[in-house]
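Undergrad: model the following, please.
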Amino acid sequence: MAEMIARRLVQSLITLLALSFITFAGLYMIGNPMEVLADESATALEIQQISERLGLDQPLYIQYMRYMGRLLSGDFGISFVTALPVSTMLLQRLPATLEMALISIIISVGIGLPLGILAGTFPDSRFSKFASISSIFGFSLPNFWLGLMLLLVFAVQLAVFPAIGRGQTIEINGVAWSFLTWNGLTHLILPAVTLATGNLALMLRLGRAGMQEVMMLDYVKLASIKGLSPWRVVTVHALRNVMIPIVTIIGLEIGGLVSGAIITETVFAWPGIGKLLIDSINMLDRPVVIAYMMIFTFMFVTINLIVDILYIVLDPRAGTGRAS
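TA: Numbering: from 1, shown residues only. Here you go, the predicted model:
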């Protein structure tokens, strides 16, 4: 088991290094930041001085080595555009993205999973068939289109929710949160629903399929034959096995929601790190873009590593099977 875990750690480190270089090299080849950073009236000498100050005159491998050296010490660099530390910019925007992702997880799991379990418990009911069809629409609707439609209906025509922005916030230890105020919460609803729709459909389908499969197993049928109430059969005997793979998927989906909030934040002008990424790409602000990619690459690799280790700890045969 220890050997399998060590192997996963090495594979994860290699993946991080490879992805970091691909990201860095890709941004290196796309555009010239000096076209944005230098004034139109700047002379060739001034442009050269700015380039030297930012280290952009060095070869790719030197820039990469310097960046990784700073990164290992926790320094994400300085923004080309704002001249602020990138870590400060990310920390200012991160709470907005986290609270939107958290609310969307609550919506998708709190609504989608119970509906899926109910649909799987009664697979031949009209509700189950309707839920199955509805989940297809949830998967099919693009985030940007759904967000625009929600804006059109609930913000423009009905004027029930605000259209854009984060609304009123409350600071706790210097961190601003909008879900703690009613005004901020109303601003949060439409973006969170937009982000949650696809995962809600996923939770519904997983809950339905998992419950249908478990309800056919012998031990569940035996519990029903013994005269246990349907509620006890579902909650005590069936639900536990249904939740094992779903919990793993929920963990992975959290990372996907945080990094996949880019489109939603752009549609609703939500001041999170996704919106910051789009603005930084437009301005060719390489340090911010690279820091964003590195953070979420690390997050995905770490989550997958944790899941792999949990599988190996819970069932050593799974680790042996994967390694073979």
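Undergrad: residues in contact with residue 64?
TA: Neighbour list for residue 64: 21, 24, 25 [criterion: Cβ atoms under 8 Å, 6 or more residues apart in numbering]. (C-beta placed from N, C-alpha, C; glycine too.)
Undergrad: compare these and tell me which has the most neighbours.
TA: Within those, most neighbours by other Cβ atoms under 10 Å means residue 24, with 21 neighbours.
Undergrad: elements contacting the helix or strand hosting it?
TA: When elements are assigned from DSSP states H and E, residue 24 belongs to helix 2-29. Where contact means 3 or more Cβ pairs under 8 Å, 6 or more residues apart in numbering; DSSP states H and E, helix 2-29 is packed against helix 60-72, helix 286-314, helix 316-323.
Undergrad: okay, stretch 127-140 in PDB with CA atoms only?
TA: Below are the C-alpha coordinates for stretch 127-140, written out as PDB (Å, rounded to 0.1, in the frame of the first residue of the first chain):
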ATOM      1  CA  PHE A 127     -41.900  11.500 -11.700                       C
ATOM      2  CA  SER A 128     -39.000   9.200 -12.300                       C
ATOM      3  CA  LYS A 129     -39.400   9.400 -16.100                       C
ATOM      4  CA  PHE A 130     -39.900  13.200 -15.900                       C
ATOM      5  CA  ALA A 131     -36.800  13.500 -13.800                       C
ATOM      6  CA  SER A 132     -34.800  11.500 -16.300                       C
ATOM      7  CA  ILE A 133     -35.900  13.600 -19.200                       C
ATOM      8  CA  SER A 134     -35.300  16.900 -17.200                       C
ATOM      9  CA  SER A 135     -31.800  15.900 -16.400                       C
ATOM     10  CA  ILE A 136     -30.900  15.700 -20.100                       C
ATOM     11  CA  PHE A 137     -32.000  19.400 -20.500                       C
ATOM     12  CA  GLY A 138     -29.900  20.300 -17.500                       C
ATOM     13  CA  PHE A 139     -26.800  18.700 -19.100                       C
ATOM     14  CA  SER A 140     -27.600  20.300 -22.500                       C
END
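Undergrad: looking at the chain, which helix or strand does the model trust least?
TA: None of the helices or strands of the chain scores lower by mean pLDDT, DSSP states H and E than helix 316-323, at a mean of 50.
Undergrad: let me have the helices and strands packed on helix 2-29 in a markdown table, extended by distance to residue 122.
TA: Converted to a markdown table, those look like this (distance: least, Cβ to Cβ, whole Å):
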| stretch | distance to residue 122 |
| --- | --- |
| helix 60-72 | 53 |
| helix 286-314 | 31 |
| helix 316-323 | 33 |
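Undergrad: comparing these, which comes out most buried?
TA: The highest average neighbour count among the helices and strands packed on helix 2-29, using mean count of other Cβ atoms under 10 Å, belongs to helix 286-314 at a mean of 18.
Undergrad: run the chain-centre distance for that helix.
TA: 11 Å (Cα atoms, centre = their mean, to the nearest Å).
Undergrad: let me know the average pLDDT across that helix.
TA: Taken as a whole, helix 286-314 carries a mean pLDDT of 76.
Undergrad: which strands and helices sit next to it?
TA: helix 2-29, helix 86-107, helix 239-259, helix 273-282, helix 316-323.
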